[in-house]
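Visitor: Sequence plus predicted model, see below.
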Amino acid sequence: MNTIKYENEFATFEIRNDILYTEFKDQVSLTLVVARQVVADQVILLNGKSCPVLLDMRKLVDSEKGGRDFLASTTSIPADAMALLAEGKISLAISEFYLKVSKPAVPTAIFRSKTAALHYLKKTHNNIL
Amino acid sequence: MQQEINQKHIRNMYTMFFEMANGNFSYRIPRTDRDDDLEALSVLANMLAQEMAASILHLGYINPKFSYNYLLYAALILDDNFTIESFSPKVPSLLGLEEDTMYGKEFSMILDKKSWEAWEEVKEKCRSDASSEKNLQLTFVTGSNMLLPASCTVSKLLYTNKFLISSLSPGRQVSLAQHPLTTLEKKSSVAEKMGKVYDYITSHLDAQLPPLRELAHRFGTNEFTLKRDFKRCYGISIYKCYHEQRLEKALLLIKQTDIPIKTIAFMSGFSTYPNFSKAFKKKLGYCPNATRKNKSAN
């Protein structure tokens, strides 16, 4: 199975088994600049197609409204479903706020475990198809 | 030690909530590198302040008795060593600092450490190029140790070696707006419904917008109310919103992918390429092809 890897200043990306893994780097704050760059690189990697996305929020330290809103409104371009991986209090707070207030445009859920997140993505993706 | 940190954190939260209760949504609680409940509450309070500022300054629905325009709310004059030489009267109260402690202080000393790098870069550019004017986001540290992020413009003043730092903020206009005040409950349920309509539009950009009558029925309202409430909430009509969102999506795809532009037109909900090209040019002033060529050249 082909694996594509890429990274920018704020996140690492990997396409494996038709899932786009996006992991924010350590100490990153989800600002508008960060969200734009991450979505743009996801779009480039997928060349405009969409697929299930696992967004690893565990190393995020903060977020700004501009970043959350941009991600929520444009996430439907690269993602047809999204699982947010969160662990500590901060990443869980940001993830929950993003989900409940920014209201992403694709089915999205928060998980503490990668296995559960992948299961959700596969199930949601199959339902969409 | 731990208890002391917690107490400081709680004091900061008290300050933040009192400021918010008084209508100041600009302050932010300084963050630490801890990952506990108290820190998560600080994150939530900061995000809440951002959301509330946007909602309350939102023209359409929250505060129909007033409208907002941009007012200059802070101006500082710095000498050629970037020391504070003068400032507008409101600055000390905004920053919670005494007038005499500000005068003669190095400007960077009232900034948060995270803004230092950006400030250093901009100040050198402004010093070397008299005609340049730089916009940047700076975070100030207030007297009560809260953070105050602000969009600032730094300009070198003509015929002198001094610099002006100015910051704009939306302010309330005194004139009364046209819409009568409705009850809070009604407003919030309307806003919630319109929020759902907005979400529906943005998540179905690849398809044609259904007739407004059908859309209205889908969200349990009628066409007239839907049009009126959406415009009040978002300041633009449903069609214009859908149209602009589609073009934004198309622009992102043209800039970031190699997908043929014709395909992008269909992916963005346009039925024909000429329609898309015309709309794109009207909105952005140049053709979709020019954007792609420009991207390739870069």
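Guide: Done, it's in.

Visitor: centroid residue for chain A?
Guide: Centroid-nearest residue in chain A: residue A:55, 2.9 Å away (criterion: C-alpha atoms, centre = their mean).

Visitor: Tell me which strands the helix or strand hosting that residue pairs with, and in which orientation.
Guide: Assigned by DSSP states H and E, residue A:55 belongs to strand A:51-56. Note on strand A:51-56: by DSSP bridges, its sheet partners are strand A:19-24 (parallel), strand A:79-85 (parallel).

Visitor: Show me which residues of chain A sit near chain B.
Guide: Contacts of chain A with chain B, taken as C-beta under 8 Å from any C-beta of the partner chain, map to A:39-41, A:43-44, A:47-48, A:61-65, A:68, A:73-74, A:76-77, A:88-90, A:92-94, A:97, A:101, A:103, A:105-106. Just so you know, the C-beta spots here come from the backbone N, C-alpha and C atoms, and that holds for glycine as well.

Visitor: Give me the subset of the residues you listed lying in helices.
Guide: A:39-41, A:43-44, A:65, A:68, A:73-74, A:89-90, A:92-94, A:97 (DSSP state H).

Visitor: Among the residues you listed, list the two that are farthest apart in space.
Guide: Farthest-apart pair in those is A:44 and A:89; separation 33.2 Å (C-beta to C-beta).

Visitor: what sits against residue B:96?
Guide: B:142-144, B:146 (C-beta atoms under 8 Å, 6 or more residues apart in numbering or on different chains).

Visitor: Just the buried ones out of those, please.
Guide: Buried subset of those (neighbour count, 16 or more other C-beta atoms under 10 Å in any protein chain shown): B:142, B:144, B:146.

Visitor: wouldn't the last one be in contact with residue B:30 here?
Guide: The reference is to residue B:146. Yes - using C-beta atoms under 8 Å, residue B:146 is in contact with residue B:30, at 6.9 Å.

Visitor: so what sits against both of those two?
Guide: When contacts are counted by C-beta under 8 Å, 6+ apart, residue B:146 and residue B:30 are jointly contacted by residue B:12.

Visitor: and residue B:150, helix, strand or coil?
Guide: Three-state call for residue B:150 (DSSP: H, G, I helix; E, B strand; the rest coil): strand.

Visitor: so when I look at residue B:196, I'm seeing a helix, right?
Guide: Yes - using three-state DSSP, the assignment for residue B:196 is a helix.

Visitor: Now for it, how many residues are close by?
Guide: Applying other C-beta atoms under 10 Å in any protein chain shown, we find 14 residues neighbouring residue B:196.

Visitor: Let me know the distance separating the closest residue to chain A within the stretch 101-250 of chain B from residue A:73.
Guide: Per C-beta to the nearest C-beta, residue B:203 is where the stretch 101-250 of chain B lies closest to chain A, at 3.9 Å. In this view, residue B:203 and residue A:73 are 9 Å apart by C-beta to C-beta, to the nearest Å.

Visitor: intersection of neighbour lists for those two?
Guide: Common contact partners of residue B:203 and residue A:73 (C-beta under 8 Å, 6+ apart): residue A:105.

Visitor: Show me which of these two is the more surrounded one.
Guide: residue A:73 (23 against 17).

Visitor: nearest residue to residue A:63 other than its sequence neighbours?
Guide: residue A:30 (3.8 Å; C-beta to C-beta, 6 or more residues apart in numbering or on different chains).

Visitor: isn't the one you found right next to residue A:68, touching?
Guide: Yes - counting by C-beta under 8 Å, residue A:30 touches residue A:68, with 6.4 Å between them.

Visitor: which regions of chain A lie under the pLDDT threshold?
Guide: Low-confidence segments of chain A (pLDDT under 70): A:1-2, A:128-129.

Visitor: repeat that for 80
Guide: Scanning chain A for pLDDT under 80 picks out A:1-2, A:48, A:125-129.

Visitor: what about the strands in the stretch 151-298 of chain B?
Guide: B:163-173 (DSSP state E, counting those that start in this stretch).
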